[in-house]
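Asker: Return atomic coordinates for the entry below.
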Amino acid sequence: MIYEQVSAPSARRTITGATRVLMALKLDGPLMVGLSLISVYGLIVLYSASGQDVGKVLRAIIHLGLGTTAMLTLAQVKPTTLRNAAPWLYLLGLVLLIVVDVTGYIGKGAQRWLDLGFIRFQPSEIMKLAVPMLCAWYLHERPLPPGPLTLAVVAAIIVIPAGLTAMQPDLGTAILITIGGGLVVVMAGLSVYILLGMAAVAGVGAWYGWSLLHDYQRQRVLTFIDPQNDPLGAGYHIIQSQIAIGSGGVFGKGWMNGSQSQLEYLPERHTDFIFAVIGEEFGLLGLVLLVLLYLFVVGRAMYLTTQMQDTFARLLAASLGLTFFVYVFINTGMVSGLLPVVGVPLPLVSYGGTSMVTLLAGFGILMALYSHRKLVGS
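Answerer: Have a look, this model is predicted:
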């Protein structure tokens, strides 16, 4: 009884103190919990997927630290500042994309990185934030739903950086940039007829774009249709991925006991195909747990979006939350054979620095929009 009388007020003070700290840092508690659980899950899986490479895990922790720092910093920024910075961030991203296409670092047959000596990063990652920010900025003071002229301008805002990114070539990031900007437009309240018209235009664009794809990109689409057509070549990745997921069953083979991953049958197991490692080692239950964590984060993000008080905040926050969901959808779909392989990492789980920092920075922006929602007009 004495213990209960002493510990209960102490627990209440601890909870109150934690809440006060989160409020002071402009952070959302439930969202932070969800992101933290996914990140810890990712580090555990990465240790196994990388072949117990402590160096990769330590670098992933550093990436998480940098991303968390970016998130904390951006969470303090007022929405008016974010809105005013949108055109300049977009312009900076465009300049860097042009520099990359001219003199960028070449790795694995692609020219996607800027090498500054002490750090190497992908400027296209900046556009994942800059494009939806500029789209929301442009639509902020215009009548909604947007008319044809407004849509034409927004389309140019999206297509230019997406096209420069596709030239690197980096089709996966180009698709994500397009989706991020497109979601802003959709959330602006397009009519059904305009959506159908856009779908028709997209279909024609896909037909024309087929001739512009690189050979390996066309092969990915053909492999998606029939991976068994080239089981030791283009279809090897997806076949091994499906074997890994299927062999895990319901409960999995156990941490670090996956044959496909540990014996290196599964390519890119610590990056794009890490979802297959989870399926093999932790089984269906492990996959369901991760998906539920993702859905919790997306659901919380969309709830925060409903609390926003102006057009810029609502459009941008909705795009950031839904784009996170699209990341998960595309990666899990391509690893399980439901979508073509386009090189999209699994958020906060796949090994990769720039992508992880960008994702957490996006959540920092979302929390800034929410925590400062009463200051939008100031």
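Asker: When you work out contacts or count neighbours from here on, use the C-alpha atoms and nothing else.
Answerer: Will do.
Asker: Just the buried positions in the lengthiest helix in the chain, please.
Answerer: In the chain, assigned by DSSP state H, the helix with the most residues is helix 274-306. Across helix 274-306, burial judged by 16 or more other CA atoms under 10 Å covers 274-287, 290-291, 293-302, 304-305.
Asker: hmm, who's touching the helix or strand encompassing residue 155?
Answerer: Using DSSP states H and E, residue 155 falls within helix 148-166. The contact list for helix 148-166 (CA atoms under 8 Å, 6 or more residues apart in numbering) reads 94, 97-98, 101, 112, 124, 127, 131, 134-135, 138-139, 171, 173-175, 177-178, 181-182, 185.
Asker: Mark which of these are buried, thanks.
Answerer: Burial by neighbour count, 16+ other CA under 10 Å: within the contacts of helix 148-166 this picks out 94, 97, 101, 112, 124, 127, 131, 134-135, 138-139, 171, 173-175, 177-178, 181-182, 185.
Asker: Out of those, list just those in helices.
Answerer: Using DSSP H, the subset of these located in helices is 94, 97, 101, 124, 127, 131, 134-135, 138-139, 171, 173-175, 177-178, 181-182, 185.
Asker: Hmm, residue 138 and residue 311 touching each other?
Answerer: No - look at residue 311 against residue 138 with CA atoms under 8 Å: they stay out of range, at 10.4 Å.
Asker: For the longest helix of the chain, which helices and strands make contact with it?
Answerer: The contact analysis (3 or more CA pairs under 8 Å, 6 or more residues apart in numbering; DSSP states H and E) places helix 274-306 against helix 29-49, helix 236-247, helix 311-335, helix 353-371.
Asker: which helices and strands does the first one pack with?
Answerer: To tie it back to what came earlier, the one meant is helix 29-49. So helix 29-49, by 3+ CA pairs under 8 Å, 6+ apart, packs with helix 54-75, helix 259-262, helix 274-306.
Asker: which one of those has the lowest average pLDDT?
Answerer: Here the helices and strands packed on helix 29-49 differ in mean pLDDT, and the lowest is helix 259-262 at a mean of 84.
Asker: what's in contact with it?
Answerer: By CA under 8 Å, 6+ apart, the list of residues contacting helix 259-262 from outside reads 48, 49, 51, 240, 243, 244, 256, 265, 266, 269, 277, 280.
Asker: With stretch 336-346 instead?
Answerer: For stretch 336-346, contacts defined as CA under 8 Å, 6+ apart pick out 171-173, 220-221, 223-224, 238, 241-242, 245, 271-276, 327-328, 330-335, 351-352.
Asker: Check which residues of it are buried.
Answerer: So stretch 336-346, judged by 16+ other CA under 10 Å, has buried residues 336, 337, 339, 340, 341, 342, 343, 344, 345, 346.
Asker: measure residue 255 to residue 49 for me?
Answerer: 10 Å (CA to CA, to the nearest Å).
Asker: Out of the contacts of helix 259-262, who's the most crowded?
Answerer: Most neighbours among the contacts of helix 259-262, by other CA atoms under 10 Å: residue 280, with 33 neighbours.
Asker: which one is it nearest to, not counting chain neighbours?
Answerer: Closest residue to residue 280 apart from its sequence neighbours, by CA to CA, 6 or more residues apart in numbering: residue 248 at 3.9 Å.
Asker: Quick check: pLDDT value at that neighbour.
Answerer: Looking at residue 248, the pLDDT reads 89.
Asker: Check the burial of it by counting its neighbours.
Answerer: For residue 248, using other CA under 10 Å, the count is 24.
Asker: Same check on residue 33?
Answerer: Neighbours of residue 33 using other CA under 10 Å come to 14.
Asker: so how far is residue 296 from it?
Answerer: Distance from residue 33 to residue 296, by CA to CA: 10 Å.
Asker: Output the contacting helices and strands for the helix or strand encompassing residue 80.
Answerer: Element membership for residue 80, per DSSP H and E: helix 79-103. When contacts are defined as 3+ CA pairs under 8 Å, 6+ apart, helix 79-103 sits against strand 110-115, helix 124-139, helix 148-166.
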